[in-house]
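Colleague: build me a model:
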Amino acid sequence: MALNRPIRAAGAVVWRYGSIEPEVVVIHRPRWSDWSLPKGKLDPGESAPAAAVREVLEETGLRVRLGVPLPDQHYHVGDGQPRPKIVSYWAARAGSDADLRRFQPNDEVDKVRWLPLSVAQQRLSYGHDVGLVEGFAQAAYDSSPLLVIRHAQARDRKTWRGEDSERTLNAAGSRQAIALSPLLAAYGVRRVVSSDAALCVDTVLPFANATRAKVELDPNLSEQCADPGRIAKRLSTALADRRRIAYCSHRPVLPDVFVALGIEPRAMSAADVVVLHRADGAVVATEHHAAQ
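Modeller: A predicted model of the protein is given here:
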């Protein structure tokens with residue numbers, strides 16, 4: 001059965017502004033003597049966005065923040081009984097220090113280059129990579145993500161004896177909250193707005209502690225005090241903003257959140273994350289990441 005299970009990998013089209021057109025990163029792999037894009041296999045239990053950011057850092061030395069998703073690549077690898085492989089890609093913005101000084105040549109990657117978009121298309125060795133870069137050029141690569149989080153698994157209401165606003169995560173929920181941290185970090189989130197209920201705060205706290213991201217508590221995102229009008233006002237303002245921000249709330253409140261953001265409400269399980277990519281005050285792409 002394992003032979004039929006797809007190999008999962010992730011990577012990115014890493015970009016920065018150039019003088020005429022965007023510049024993207026290409027890597028040279030000595031084993032294959034080819035020019036490609038940074039990518040690699042997911043570690044056990046790792047999300048694809050977190051893997052993409054990690055692989056870029058390992059192969060180029062660059063710290064990046066993910067933007068819009070790009071089309072997955074599907075192909076088979078291996079001889080005899082080839083296994084399917086799925087590589088997920090994102091546009092990824094390089095940080096302010098994007099001069100590749102941290103890169104150290106190694107057996108896997110011995111050269112890394114910033115190239116103008118049109119030059120990169122000529123340098124890349126494979127048609128599927130060229131197509132990916134062409135798709136990047138047509139995407140809203142300069143958009144900014146806004147994340148919506150449903151709180152992690154909580155202790156049962158029926159057995160909880162205190163105030164519901166003080167109900168906490170169960171053991172599985174605590175593990176989910178920890179697993180969320182690298183996913184939120186992959187999108188460069190620096191601020192979280194959370195319901196003031198304990199289970200929402202506990203969902204985002206591991207991320208805040210790990211990254212020192214700012215956390216603001218908003219009672220309007222809680223079940224007890226949810227106010228659709230105030231949610232709409234807050235989220236419509238956020239839609240026009242460019243800050244990389246996350247909102248954590250409850251299942252009954254999330255439909256109001258999505259309506260305020262101008263998209264159809266969608267079902268989310270505990271600790272799921274929906275990423276909305278914004279450009280010019282509108283949602284240009286979405287992605288849904290199930291809890292790890």
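Colleague: how about the helices in the stretch 1-150 of the chain?
Modeller: For the stretch 1-150 of the chain, the helices defined by DSSP state H, counting those that start in this stretch occupy 48-60, 117-123, 127-138.
Colleague: how about these, which one is nearest residue 153?
Modeller: helix 48-60 (20.3 Å; CB to CB). From N, CA and C alone the C-beta is placed, and that goes for glycine too.
Colleague: now do the closest one: everything it contacts.
Modeller: By CB atoms under 8 Å, 6 or more residues apart in numbering, the surrounding residues in contact with helix 48-60 are 8-12, 14, 25, 27, 38-43, 46, 62-66, 88-90, 92, 100, 103, 108-109, 112, 182-183, 185-187, 289.
Colleague: in stretch 140-147, which residues are buried?
Modeller: Residues of stretch 140-147 classed as buried: 140, 141, 143, 144, 145, 146, 147 (neighbour count, 16 or more other CB atoms under 10 Å).
Colleague: actually stretch 180-189, sorry about that
Modeller: In stretch 180-189, counting by 16+ other CB under 10 Å, buried: 180, 181, 182, 183, 184, 185, 186, 187, 188, 189.
Colleague: farthest-separated two in the buried residues of stretch 140-147?
Modeller: Every pair of those checked by CB to CB; the farthest is 141 and 147, at 18.1 Å.
Colleague: most distant residue from the centre of the chain?
Modeller: residue 161 (36.7 Å; CA atoms, centre = their mean).
Colleague: state the phi and psi torsions of that one.
Modeller: Main-chain dihedrals, residue 161, degrees, to the nearest 10: phi -100, psi -10.
Colleague: check the gap between it and residue 108 for me.
Modeller: As judged by CB to CB, to the nearest Å, residue 161 and residue 108 stand 55 Å apart.
Colleague: which one of the buried residues of stretch 140-147 is nearest to residue 74?
Modeller: Nearest to residue 74 among the buried residues of stretch 140-147 is residue 141, at 22.0 Å by CB to CB.
Colleague: that closest one against residue 15, yeah?
Modeller: Yes. Counting by CB atoms under 8 Å, residue 141 touches residue 15, with 6.2 Å between them.
Colleague: where does the prediction get shaky in the protein?
Modeller: Within the chain, the stretches with pLDDT under 70 are 1-3.
Colleague: identify, by residue count, the longest strand of it.
Modeller: Longest strand in the chain, counting residues (DSSP state E): strand 64-77.
Colleague: which residues are in contact with the residue lying closest to residue 66 once chain neighbours are set aside?
Modeller: Excluding its sequence neighbours, the residue lying closest to residue 66 (CB to CB, 6 or more residues apart in numbering) is residue 90, at 4.4 Å. Contact analysis of residue 90 by CB under 8 Å, 6+ apart lists 10, 12, 13, 49, 52, 66, 67, 68, 69, 70.
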